[in-house]
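Visitor: no FASTA, just this:
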Ligand SMILES: [Zn+2]
């Protein structure tokens with residue numbers, strides 16, 4: 001209104017002539033303008049808030065961007081406005097797309113959200129036995145020991161890592177939620193710059209540092225990550241990243257040697273091909289507009305990764321059998337076949353609790369020792385000298401089991417309940 005009164009008279013007169021045809025218009029136009037002003041102000045505030053939530057107050061990552069929004073209006077229902085996806089999701093998607101860095105993918109490295117870099121010192125595994133364990137709250141990549149992540153996730157095969165036999169491979173799928181659970185939004189949790197859709201950790205492969213003529217091979221753990229990222233032109237892409245280094249910093253894949261490791265490398269290549277041919281979710285959905293009928297990219301990647309984990313373990317088992325076959329003299333020493341026999345016949349004092357690994361240990365005849373998981377799965381067997389057994393007891397790594405633990409062990413391995421016998425003890429257990 002104030003603006004109108006300040007305009008020159010001629011302009012005012014001209015402008016008035018037209019609206020006269022519809023009498024209500026001048027008042028309506030002012031009202032409309034004020035509505036639109038409020039919409040613009042609210043939308044600006046909402047976009048700014050969304051950015052602050054996902055990326056914090058600093059705007060160094062922000063650049064001009066387009067925001068397209070789609071809503072539907074039903075005049076019959078008091079002009080009700082509806083949006084699917086919701087306005088919030090539409091704004092959030094546009095803001096995230098804008099803040100996504102292109103070309104953040106580097107082979108053999110993860111993106112560090114603390115340094116905002118794919119090449120800083122935190123971006124690669126520090127040791128051959130390290131795997132990716134997720135991001136810290138401030139977006140720093142964490143690199144725990146392979147055994148540590150297996151223990152944290154309760155993998156029953158962890159004992160195999162300590163098996164004297166060099167064969168066998170442990171492999172585990174890790175969900176993206178687990179990797180991002182500590183990470184805060186402003187340190188990349190929602191970022192599409194380097195978006196991990198899941199990973200497989202596996203190990204160990206025994207590999208030699210090339211060209212150094214070392215006689216002792218290193219134990220190497222691998223992290224295989226399905227990642228969505230952006231190319232320079234902004235188009236999304238998926239890839240399988242292989243994170244594993246030898247102690248000299250060279251990529252472990254370059255040191256693949258021998259038929260068994262080549263087989264492992266082939267399995268990885270095939271998964272890499274399948275992951276990179278997946279259709280990225282974000283853009284694909286928006287274009288097709290039929291989100292519900294399309295399988296989710298994250299779910300597809302998870303399926304491929306889980307299959308990859310199974311194939312790797314299978315390759316390990318085949319290799320183990322071949323190794324055992326080739327080294328016939330060792331077969332007799334391998335105590336695995338006696339595991340159940342020994343477990344079922346062991347007196348209570350021969351069953352121990354491994355405090356460190358949270359496993360049962362059964363000592364059998366002829367220096368045999370068998371490791372069982374909490375659920376009664378046979379993990380591994382080994383031959384140990386009496387000194388080695390004594391040392392573990394002395395260090396209180398192996399403890400005598402309590403009556404409670406023994407009852408549980410009896411139940412999970414299917415030993416007849418002892419002392420209290422007559423199956424009564426087991427009923428009590430199952431009710432717990
Ligand atoms: Zn860093």
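Guide: Cool, the structure landed. Predicted model, so just to flag it, every value in this text is computed and none were measured.
Visitor: Can you give the domain ranges for the chain?
Guide: 2-99, 146-326, 335-431 (automatic domain parsing).
Visitor: Alongside the ion, which residues does the chain contribute?
Guide: Proximity of the chain to the ion (Cβ under 5 Å from the ion) is limited to residues 112, 114-115, 120, 122. C-beta: built from backbone N, CA, C; applies to glycine.
Visitor: Show the buried residues in those.
Guide: Neighbour counting over those (16 or more other Cβ atoms under 10 Å) leaves 112, 114, 122 as the buried ones.
Visitor: Check which helix or strand residue 216 maps to.
Guide: Element membership of residue 216, judged by DSSP states H and E, is empty: it is in no helix or strand.
Visitor: And it, how far from the ion?
Guide: 32 Å (Cβ to the ion, to the nearest Å).
Visitor: That residue: neighbour count?
Guide: By other Cβ atoms under 10 Å, 7 other residues sit near residue 216.
Visitor: How about the one 4 residues further on?
Guide: Around residue 220 sit 24 other residues, with neighbours defined as other Cβ under 10 Å.
Visitor: Please identify the most buried of the domains of the chain.
Guide: domain 146-326 (a mean of 18; mean count of other Cβ atoms under 10 Å).
Visitor: ok so, going back, least confident pick among the buried ones among the residues of the chain next to the ion?
Guide: By pLDDT, residue 114 ranks lowest within these, coming in at 93.
Visitor: before we move on, the earlier item: which one among the buried ones among the residues of the chain next to the ion gets closest to residue 245?
Guide: Taking Cβ to Cβ as the measure, residue 122 is the one of these closest to residue 245, at 13.6 Å.
Visitor: re the thing from before, can you lay out the domains of the chain as a markdown table showing mean pLDDT?
Guide: Compiled in a markdown table, the domains of the chain are given as follows (pLDDT from 0 to 100):
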| stretch | mean pLDDT |
| --- | --- |
| domain 2-99 | 79 |
| domain 146-326 | 84 |
| domain 335-431 | 78 |
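Visitor: one step back: taking the residues of the chain next to the ion together, which two end up most distant?
Guide: 114 and 120 (8.1 Å).
Visitor: what are the ranges of the helices in the stretch 201-350 of the chain?
Guide: Counting by DSSP state H, counting those that start in this stretch, the stretch 201-350 of the chain has helices at residues 258-276, 281-288, 297-326, 328-333, 339-345.
Visitor: out of those, nearest to residue 140?
Guide: Using Cβ to Cβ, the helices of the stretch 201-350 of the chain put helix 297-326 closest to residue 140, at 23.4 Å.
Visitor: Please report the distance of residue 68 from residue 94.
Guide: 7 Å (Cβ to Cβ, to the nearest Å).
Visitor: now the helices: where do they sit in the stretch 51-200 of the chain?
Guide: According to DSSP H, counting those that start in this stretch, the helices that the stretch 51-200 of the chain contains are 87-99, 146-152, 176-180.
Visitor: closest one to residue 314 among those helices?
Guide: helix 146-152 (18.1 Å).
Visitor: elements contacting the closest one?
Guide: Judged by 3 or more Cβ pairs under 8 Å, 6 or more residues apart in numbering; DSSP states H and E, the packing partners of helix 146-152 are strand 170-174, strand 194-207.
Visitor: Show which residues not belonging to the shortest one make contact with it.
Guide: Counting by Cβ atoms under 8 Å, 6 or more residues apart in numbering, strand 170-174 makes contact with 146, 149-150, 153, 155, 157-158, 160-161, 198-203, 302, 305-306, 308-310, 312-313, 316, all of which sit outside it.
Visitor: let's see it at 7 Å
Guide: Residues from elsewhere that reach strand 170-174 (Cβ atoms under 7 Å, 6 or more residues apart in numbering): 150, 153, 155, 157, 160-161, 198-203, 305-306, 309, 312-313.
Visitor: tell me the angle it makes with helix 297-326.
Guide: Calculated by axes from the mean of the first three to the mean of the last three Cα atoms, to 10 degrees, strand 170-174 forms an angle of 170 degrees with helix 297-326.
Visitor: could you give the angle of strand 170-174 to strand 194-207?
Guide: Using the same axes, to 10 degrees: strand 170-174 against strand 194-207 is 180 degrees.
Visitor: how close does the closest residue to residue 135 other than its chain neighbours sit to residue 130?
Guide: Counting by Cβ to Cβ, 6 or more residues apart in numbering, residue 135 lies nearest to residue 183, which is 4.1 Å off, once chain neighbours are set aside. Taking Cβ to Cβ as the measure, residue 183 falls 19 Å from residue 130.
Visitor: what do you get for residue 355?
Guide: Taking Cβ to Cβ, one finds residue 355 at 24 Å from residue 130.
Visitor: what do you get for residue 301?
Guide: 23 Å.
Visitor: for residue 218, same thing?
Guide: 12 Å.
Visitor: quick one, what contacts whichever residue of the stretch 251-400 of the chain sits closest to the ion?
Guide: Relative to the ion, the nearest point of the stretch 251-400 of the chain is residue 251 (19.4 Å; Cβ to the ion). Going by Cβ under 7 Å, 6+ apart, residue 251 touches 108, 245.
Visitor: how does it look with 6 Å?
Guide: residue 108 (Cβ atoms under 6 Å, 6 or more residues apart in numbering).
Visitor: How about residue 157?
Guide: residue 170.
Visitor: how about a cut-off of 7 Å?
Guide: Taking Cβ under 7 Å, 6+ apart as the definition, contacts of residue 157 comprise 170, 379.
Visitor: And it, how far from residue 168?
Guide: From residue 157 over to residue 168 the distance is 8 Å, taken as Cβ to Cβ.
Visitor: now do residue 315
Guide: In terms of Cβ to Cβ, residue 315 sits 10 Å off from residue 168.
Visitor: likewise residue 407?
Guide: In this view, residue 407 and residue 168 are 31 Å apart by Cβ to Cβ.
Visitor: Could you do residue 341 as well?
Guide: In terms of Cβ to Cβ, residue 341 sits 21 Å off from residue 168.
Visitor: With residue 387 instead?
Guide: From residue 387 to residue 168 the distance is 25 Å (Cβ to Cβ).
Visitor: ditto for residue 251
Guide: Taking Cβ to Cβ as the measure, residue 251 and residue 168 are separated by 24 Å.
Visitor: and if you look at residue 91?
Guide: 51 Å.
Visitor: cool, residue 201 as well?
Guide: 15 Å.
Visitor: Same check on residue 32?
Guide: 74 Å.
Visitor: ditto for residue 70
Guide: Between residue 70 and residue 168 the computed distance is 54 Å (Cβ to Cβ).
Visitor: How about residue 342?
Guide: Relative to residue 168, and taking Cβ to Cβ, residue 342 is found at 20 Å.
Visitor: go on, residue 313?
Guide: With Cβ to Cβ as the criterion, residue 313 and residue 168 are 9 Å apart.
Visitor: Also residue 182?
Guide: Where residue 168 is concerned, residue 182 sits at a distance of 31 Å (Cβ to Cβ).
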